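1. Have a look at this fold, sequence not included:
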C-alpha cells in the first residue's frame, strides 16, 4: 500500500456545505477526529494543512476519508482542487497524521443503573448508525444518557446538514427506541 499511488475521490454529502474525500489510505482505525477550527487542529499536522486552504471551516478525519466543511464565502472549485493535492503531498511525506499527544476520545464505560442501557445504545451506534453516517461523511458519537434522553454529538457532514434533524429523529431515534424502549427522546448536543 505504501508504494501504491495516493487516490482521492470526491463524494457529495447530503450537506451542501460539506464534501467527502475518500482516500486509499487509513488515517484512523475507527471513529473520526473532528476539528471545527484551526486552533483545535494543533494536534493534527494533517488537519492543519487542510485548514490552510482558503474557505475551509472544519475538517473531520475518518478512517479512510476526510470531510471538509466550507465557510459561507468558501469556493468549492478551489477546495475540491486543493484538497486532493494537499492530501497526496502530506501522505507522501510519510509524516504522522496526529501528534503523539493526540488521543482519540474514548467514551467512559457506563456504570450504575444506566450501564446496560448505555451499552445497548453504544452498540447500535457503533455497529449500525456510525458506519451508515460515515458513508455520508459524518459521524455521530454518544454523549450521555439520562432520564430517558440520549444526547448525541453530530460531526462532519452531519453537524450542520439541513437533514440532520430528520436523520436524528426519524432514523437514529426510531432505531434506538426499537432496541431500548426506555428511551423517550434523542437530542443533539
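-> Received the coordinates, thanks. Remember, predicted model here, so these are calculated numbers, not experimental data.
2. show me where pLDDT drops low in this structure?
-> Across the chain, the ranges flagged by pLDDT under 70 are 1-2, 104-111, 160-162.
3. need the strands for it, in chain order.
-> Applying DSSP state E to the chain gives strands spanning 8-12, 18-23, 33-35, 56-61, 65-70, 138-146, 149-156, 185-188.
4. Same list (those strands) but as JSON lines, adding mean neighbour count and distance to residue 49.
-> (Each C-beta comes from the backbone N, C-alpha and C, glycine too.) Output for the strands of the chain, formatted as JSON lines (neighbours: other CB atoms under 10 Å; distance: least, CB to CB, whole Å):
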{"stretch": "strand 8-12", "mean neighbour count": "14", "distance to residue 49": "13"}
{"stretch": "strand 18-23", "mean neighbour count": "21", "distance to residue 49": "13"}
{"stretch": "strand 33-35", "mean neighbour count": "24", "distance to residue 49": "12"}
{"stretch": "strand 56-61", "mean neighbour count": "24", "distance to residue 49": "9"}
{"stretch": "strand 65-70", "mean neighbour count": "25", "distance to residue 49": "11"}
{"stretch": "strand 138-146", "mean neighbour count": "20", "distance to residue 49": "21"}
{"stretch": "strand 149-156", "mean neighbour count": "21", "distance to residue 49": "18"}
{"stretch": "strand 185-188", "mean neighbour count": "16", "distance to residue 49": "29"}
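5. want to throw those into JSON lines with distance to residue 177?
-> Converted to JSON lines, the strands of the chain look like this (distance: least, CB to CB, whole Å):
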{"stretch": "strand 8-12", "distance to residue 177": "30"}
{"stretch": "strand 18-23", "distance to residue 177": "28"}
{"stretch": "strand 33-35", "distance to residue 177": "26"}
{"stretch": "strand 56-61", "distance to residue 177": "27"}
{"stretch": "strand 65-70", "distance to residue 177": "28"}
{"stretch": "strand 138-146", "distance to residue 177": "13"}
{"stretch": "strand 149-156", "distance to residue 177": "9"}
{"stretch": "strand 185-188", "distance to residue 177": "8"}
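6. Cheers, nothing more for now.
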